[in-house]
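Undergrad: Sequence plus predicted model, see below.
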Protein chains: 2
Amino acid sequence: MTAAPAAARRPRRHDPGRRDRLVDTALDVIARDGVAAASHRAIARAADVPLGSLTYHFASLTDLLSAAFTRHVDTAASRFDERMRAAGSPAAALEALVEHLTGDLLGSSRDLVLTVELYVAAARNPALRAVTQDWMSRSRRSLERHLDPVTAREIDALVEGLVLHSALSTDPMDADGIRNALHRLAGPVR
Amino acid sequence: MTAAPAAARRPRRHDPGRRDRLVDTALDVIARDGVAAASHRAIARAADVPLGSLTYHFASLTDLLSAAFTRHVDTAASRFDERMRAAGSPAAALEALVEHLTGDLLGSSRDLVLTVELYVAAARNPALRAVTQDWMSRSRRSLERHLDPVTAREIDALVEGLVLHSALSTDPMDADGIRNALHRLAGPVR
DNA sequence: CAGTCATAGGAACGAGCGTACACATCGCTC
DNA sequence: GAGCGATGTGTACGCTCGTTCCTATGACTG
């Protein structure tokens, strides 16, 4: 009598935590194909859930994207602040920044891509602007653990530019180049 | 006999230079609504031409966007190089950069928006990547008229970050802040 | 164990999309 | 002025999209 109903490829009849999984899957899709390709259907396919499930858990696509980017910013900002908190001096903070830029970002470009996608999406979508500004202010506050506000702001802008160049340029700056630029901008540091 | 045929709202029966006009209109639409909203139909509506005209003049939408961004890069890069060429010293070049960032860009944000849109579109569209790289290399070459290659590269990255912050932040840096950052990064300058 | 309600599932609608194509019209060459 | 090739114009196809809606299911409450 063929015990199992044969087509049990999606055994998710009861699925607590699906909402969470959808947010993560949305980030995967955005990182892989860009925010323009992050449609209800694409995310549903990637998460292996029916289409209707998305509109049940999120009132609109913008809501879903907003939740996804909020999660991305939370993780990235926490990890960044952790790095800055761990540094014992401004010099150590700059070195941590170099590692952050060469390791985390350039190694696995996922975070970098997500951040740039957020920037662009926010430029047109007011609901995402708050998320972007949260990210900018948190990263600046992390830098201010070791740098005066003016320097923190300038370093923040430089880092943003480096990230963008790394994402799009064919020959991104190497670690020495990045270290050199950061130190020149930060000035003498104890 | 109602001399005119009444509905003469689009008297473009013979229209040389329409191709050129379509490229310009495409840039207008991208600047206003973003590259994601730059569809055949949106551009046709903005240019007041029938839909079929677009596929006649451009083999595909990507072709049209590519032509548009190429024109944008050409104009922006020429104007920027003009500014750099006009500067008589590295110090004057930095000051021209401040003006460029506060005047041209922040004043009418059109160029800024177009450039950021290009960055993002290029991240996913290989046909546009060449245009982005052309822009990056030309702006760097303009900077190298007055700065050594290493400094030029760093300044280029900082400017990119400043542009991004200006586009998205609620409180962009003012002229003094920008001038200060540029000089700190460029070091002593004759 | 019956009833209820949050969740799961899938089909459908109307709209916008890129592109293809058939037909109209005009400028130009002989 | 006939013919032809370049250009202009409108319609249609097939697809994907966000969203809506109805039904099915099963965990929990009493």
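TA: Cool, the structure landed. Numbering: from 1, shown residues only, chains lettered A, B, ... in the order given.
Undergrad: For the rest of this, base every contact and every neighbour count on C-alpha atoms.
TA: OK.
Undergrad: Look through every helix and strand of chain A and give the one with the lowest mean pLDDT.
TA: helix A:106-107 (a mean of 60; mean pLDDT, DSSP states H and E).
Undergrad: Which strands and helices lie in contact with the helix or strand just after it?
TA: Scanning forward in sequence from helix A:106-107 by DSSP states H and E, the next helix or strand is helix A:110-124. Secondary-structure packing of helix A:110-124 (3 or more C-alpha pairs under 8 Å, 6 or more residues apart in numbering or on different chains; DSSP states H and E): helix A:18-33, helix A:61-86, helix A:126-143, helix A:149-168, helix B:110-124, helix B:149-168.
Undergrad: Is any residue of the longest one near DNA strand D?
TA: In other words, helix A:61-86. Yes. Helix A:61-86 comes into contact with DNA strand D (C-alpha under 7 Å from any atom of the strand), by way of A:61-62.
Undergrad: Run through the neighbouring helices and strands of that helix.
TA: So helix A:61-86, by 3+ C-alpha pairs under 8 Å, 6+ apart, packs with helix A:18-33, helix A:90-99, helix A:110-124, helix A:126-143.
Undergrad: Could you point out which of these sits nearest DNA strand C?
TA: Among the helices and strands packed on helix A:61-86, the nearest to DNA strand C by C-alpha to the nearest atom of the strand is helix A:18-33 (5.5 Å).
Undergrad: CA-only coordinates of the closest one, as CSV, when you get a sec.
TA: Taking C-alpha atoms only, helix A:18-33 is exported to CSV below (Å, rounded to 0.1, in the frame of the first residue of the first chain):
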residue,chain,number,x,y,z
ARG,A,18,8.8,29.7,9.1
ARG,A,19,8.6,33.4,9.3
ASP,A,20,12.2,33.6,10.5
ARG,A,21,13.3,31.2,7.8
LEU,A,22,11.6,33.4,5.2
VAL,A,23,13.6,36.4,6.4
ASP,A,24,16.9,34.5,6.1
THR,A,25,15.9,33.1,2.7
ALA,A,26,15.1,36.6,1.5
LEU,A,27,18.6,37.8,2.4
ASP,A,28,20.0,34.8,0.5
VAL,A,29,18.1,35.7,-2.6
ILE,A,30,19.0,39.4,-2.4
ALA,A,31,22.7,38.5,-1.9
ARG,A,32,22.6,36.1,-4.8
ASP,A,33,20.4,37.9,-7.4
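Undergrad: and that helix, what's its mean pLDDT?
TA: Helix A:18-33 shows a mean pLDDT of 97.
Undergrad: just checking, next helix/strand downstream of it?
TA: Next along the chain from helix A:18-33, counting by DSSP H and E, comes helix A:40-47.
Undergrad: buried residues in that next one?
TA: A:40, A:42-44, A:47 (16 or more other C-alpha atoms under 10 Å in any protein chain shown).
Undergrad: what about that helix and DNA strand C, touching?
TA: No. Helix A:40-47 lies apart from DNA strand C when judged by C-alpha under 7 Å from any atom of the strand; the minimum separation is 9.3 Å.
Undergrad: residues near the closest residue to residue A:33 other than its chain neighbours, how many?
TA: Excluding the flanking residues, the one nearest residue A:33 by C-alpha to C-alpha, 6 or more residues apart in numbering or on different chains is residue B:124, at 7.5 Å. Residues within reach of residue B:124, counting by other C-alpha atoms under 10 Å in any protein chain shown, total 14.
Undergrad: Could you check the pLDDT of residue B:124?
TA: 86.
Undergrad: ok, now how distant is it from DNA strand D?
TA: Residue B:124 is 15 Å from DNA strand D, where distance means C-alpha to the nearest atom of the strand, to the nearest Å.
Undergrad: for residue A:94, same thing?
TA: Distance, residue A:94 to DNA strand D, by C-alpha to the nearest atom of the strand: 40 Å.
Undergrad: Give me the nearest residue to that residue, chain neighbours excluded.
TA: residue A:182 (7.1 Å).
Undergrad: Who are the packing partners of the helix or strand where that neighbour lies?
TA: Secondary structure assigned from DSSP H and E places residue A:182 in helix A:175-186. For helix A:175-186, the packing partners by 3+ C-alpha pairs under 8 Å, 6+ apart come out as helix A:90-99, helix A:149-168, helix B:175-186.
Undergrad: now the angle from it to helix B:149-168?
TA: Computed by axes from the mean of the first three to the mean of the last three C-alpha atoms, to 10 degrees, the angle separating helix A:175-186 from helix B:149-168 equals 70 degrees.
Undergrad: Show me what counts as buried in helix A:175-186.
TA: Buried-residue list, helix A:175-186, by 16+ other C-alpha under 10 Å: A:178-179, A:181-186.
Undergrad: again, but for stretch A:137-148
TA: A:138-147.
Undergrad: is it up against chain B anywhere?
TA: No. Interface with chain B: stretch A:137-148 contributes nothing (C-alpha under 8 Å from any C-alpha of the partner chain), its closest point being 9.4 Å away.
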